[in-house]
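Peer 1: Predicted model and sequence below, questions to follow.
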Amino acid sequence: MLKKDLAEAGIPYEDELGRVFDCHSLRGQCATLLAQRGVHPKIAQSILWHSDISLTLLLYSKTDQAQKASAVTGLSDLFGATDKPISEPKTRTDDRA
């Protein structure tokens, strides 16, 4: 049914890279969009009717470099932006770092 709809819309089922437009690609896109919008993984799992969260996180949700860069850039906000070096933690066995 999807192949027929794609043909009528002039959209190829398979592109020049061998990627196919099927029901799984639609589910993957749904999972990816939910992740990009910050939807909790358990909610995405429920929406996609996955029995195992691994399906949602490992097979269907995709990330890109921009998302990874954004996540890492936000780390400095966790500790407050500062120019002071981070001191070594004490071991609690003596006063040495």
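Peer 2: Yep, it's here.

Peer 1: hey, let's count contacts and neighbours off CA atoms from now on
Peer 2: Fine.

Peer 1: Give me the neighbour count for Ala9.
Peer 2: 9 (other C-alpha atoms under 10 Å).

Peer 1: Ok, Gln67 next?
Peer 2: If we define neighbours as other C-alpha under 10 Å, then Gln67 has 11 of them.

Peer 1: the longest helix in this protein is where?
Peer 2: helix 23-36 (DSSP state H).

Peer 1: Check which element follows that one along the chain.
Peer 2: Using DSSP states H and E, the helix or strand that follows helix 23-36 in sequence is helix 41-48.

Peer 1: Show me what that next one is packed against.
Peer 2: For helix 41-48, the elements it packs on are helix 23-36, helix 53-54, judged by 3 or more C-alpha pairs under 8 Å, 6 or more residues apart in numbering; DSSP states H and E.

Peer 1: looking at those helices, which is closest to Asp64?
Peer 2: helix 23-36 (9.8 Å; C-alpha to C-alpha).

Peer 1: Give me the mean pLDDT for that closest one.
Peer 2: Mean pLDDT, helix 23-36: 88.

Peer 1: Thanks a lot, catch you later.
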